[in-house]
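**Student:** Quick check, what structure comes out for this input:
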Amino acid sequence: MTKSRCNTCLYLRVISAPSGAHYFFCKRSNQNDFPKYPPQPVFKCNGYASGDNEQYETIDFCED
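**Tutor:** Below is the predicted model of the structure:
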């Protein structure tokens, strides 16, 4: 995955598509200052909070 400030952020959720693509979803996006899917890589973010080192919450798209 892309090296980004998001990689170690508490508010990261990685969404994996069946095609193998990964999307970085910001859980702070419910606040107007943060985009849902920030353009990568992110080097500076006012909403950053240190999380577990490179441990991601991952959600897979459902295949119907």
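**Student:** Going by neighbour count, which residues in stretch 19-30 are buried?
**Tutor:** By neighbour count, and taking 16 or more other C-beta atoms under 10 Å as the criterion, the buried residues in stretch 19-30 are Phe24, Phe25, Cys26, Arg28, Ser29. Any C-beta I mention is one placed from the backbone N, CA and C, and that applies to glycine too.
**Student:** From these, which land in strands?
**Tutor:** Phe24, Phe25, Cys26 (DSSP state E).
**Student:** Nearest to Pro39 among those residues?
**Tutor:** For these, the closest approach to Pro39 (C-beta to C-beta) belongs to Phe24, at 9.4 Å.
**Student:** ok, now how distant is the closest residue to that closest one other than its chain neighbours from Ser19?
**Tutor:** The spatial neighbour of Phe24 that comes closest, neighbours along the chain excluded (C-beta to C-beta, 6 or more residues apart in numbering), is Cys6 at 5.0 Å. When distances are taken as C-beta to C-beta, to the nearest Å, Cys6 and Ser19 turn out to be 20 Å apart.
**Student:** Same question for Phe25.
**Tutor:** Using C-beta to C-beta, one obtains 17 Å as the distance from Phe25 to Ser19.
**Student:** Kindly report the same for Lys3.
**Tutor:** Note on Lys3: its distance to Ser19, by C-beta to C-beta, is 22 Å.
**Student:** Near the residue nearest to Phe24, how many other residues are there?
**Tutor:** Per other C-beta atoms under 10 Å, the neighbour tally for Cys6 reads 24.
**Student:** from memory it sits against Val42, does it?
**Tutor:** Yes - with contact defined as C-beta atoms under 8 Å, Cys6 counts as touching Val42 (5.2 Å).
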